[in-house]
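>>> structure for the following, please:
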Amino acid sequence: MSLVKRKVVEIDEDLCNGCGLCIPNCAEGAIQIVDGKARLVSDVYCDGLGACLGHCPEDALRIVEREAVPFDEEAVHEYLADLKQEKSGCPSAAALDLGGSHVQQTMNESALRHWPVQLNLVPPKGPRYDDADLLVVADCVPVAHPNFHSSLLSGRTVVIGCPKLDDIAGHGEKLKEILKWNDVRSVTVAIMEVPCCSALSRVVDWAVEASGRQIPVRRHVVSVRGEMS
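Coordinates of the predicted model:
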């Protein structure tokens, strides 16, 4: 395939911290997290329009004009179909055998105090947030952490989202509104150990700052085996 001079995204790997905030804004899937860094998968998938720009907290992305293979929309459709089949290629989707038995555990009383819990669905205002300790959770955490209800959820108001597959910028705006308009006294963030999950912690920091309030933030990381730090 012959090369043409056109605009393509360029990623500064020295600046990139692997937060993944750029990925949801690339409709063609041209950017993915590889070995902890955002990387351009192939020139053929990049349309050069720069929709991913402005979503990087480290300013690691820019548009350059250089020799590249032409953008191929048909190839993009095939590639996106493959990504969907592979669960979007997120490191957290890798098949792992964690061992252990399949013995059913005893179910204690649920610590959930409200509904809904998904960040896309929760209201930005309401009595659930009055003098509340807000728990912001990556949606894989309750599945991985065996004592989620007793060690994290109990006594807290919870919101859940996926920093990889959801609109992370939208989650930031929703969290900002929650913190700005309600009497939230603290925020606890619980994420998985996989690289793409760190974006949720970063968007919480942004939301706290953007809300204009001084709110303490606690953080926990859960391994794929369920240990919490």
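
>>> okay, CA-based contacts and neighbour counts for the rest of this
OK.

>>> Provide the secondary structure category for the residue nearest the centre of the chain.
If you average the C-alpha coordinates of the chain and look for the closest C-alpha using C-alpha atoms, centre = their mean, you land on Pro163, 1.2 Å from that point. Using DSSP: H, G, I helix; E, B strand; the rest coil, the three-state assignment for Pro163 comes out as coil.

>>> tell me the contacts of it?
Applying C-alpha atoms under 8 Å, 6 or more residues apart in numbering, one finds that Pro163 lies in contact with Ala138, Cys196, Cys197, Ser198, Ala199, Leu200.

>>> how is the protein divided into domains?
By the record's domain assignment, the chain is partitioned as 4-89, 127-222 (automatic domain parsing).

>>> just name the most buried of these.
When neighbours are counted by mean count of other C-alpha atoms under 10 Å, the highest per-stretch mean among the domains of the chain falls to domain 127-222, a mean of 19.

>>> just the strands in the chain please.
If DSSP state E is used as the criterion, the strands of the chain fall at 4-11, 31-34, 37-40, 61-68, 132-138, 157-161, 184-192, 217-222.

>>> which residues sit against the fifth one?
For strand 132-138, the surrounding residues in contact (C-alpha under 8 Å, 6+ apart) are 152-153, 155-163, 183-192, 197, 200.

>>> where does this structure dip in pLDDT?
Residue ranges of the chain with pLDDT under 70: 1, 54-55, 84-108.

>>> ranges for the helices of it?
Secondary structure of the chain by DSSP state H: the helices cover 73-85, 141-144, 148, 168-181, 198-211.

>>> restrict stretch 53-72 to CA atoms and write it as CSV.
Coordinates of each C-alpha in stretch 53-72 appear next as CSV, following Å, rounded to 0.1, in the frame of the first residue of the first chain:
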residue,chain,number,x,y,z
LEU,A,53,-7.0,15.3,21.9
GLY,A,54,-7.9,17.4,24.9
HIS,A,55,-8.6,14.3,27.0
CYS,A,56,-5.0,13.6,28.0
PRO,A,57,-4.1,15.0,31.4
GLU,A,58,-0.4,14.8,30.5
ASP,A,59,-0.6,16.4,27.1
ALA,A,60,1.0,13.3,25.6
LEU,A,61,-1.1,13.4,22.3
ARG,A,62,-0.8,15.6,19.3
ILE,A,63,-1.6,15.6,15.6
VAL,A,64,1.4,15.5,13.2
GLU,A,65,1.6,15.5,9.4
ARG,A,66,3.8,12.7,8.0
GLU,A,67,4.0,9.9,5.5
ALA,A,68,1.4,7.2,6.4
VAL,A,69,-0.8,4.6,4.9
PRO,A,70,-4.3,6.0,4.0
PHE,A,71,-7.1,5.8,6.5
ASP,A,72,-9.3,2.8,5.7
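
>>> how far away is Cys52 from Arg156?
Counting by C-alpha to C-alpha, to the nearest Å, the separation of Cys52 from Arg156 is 34 Å.

>>> got the helices of the chain as a markdown table, with distance to Gly18 columns?
Conversion of those to a markdown table gives the following (distance: least, C-alpha to C-alpha, whole Å):
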| stretch | distance to Gly18 |
| --- | --- |
| helix 73-85 | 19 |
| helix 141-144 | 20 |
| helix 148 | 27 |
| helix 168-181 | 14 |
| helix 198-211 | 8 |
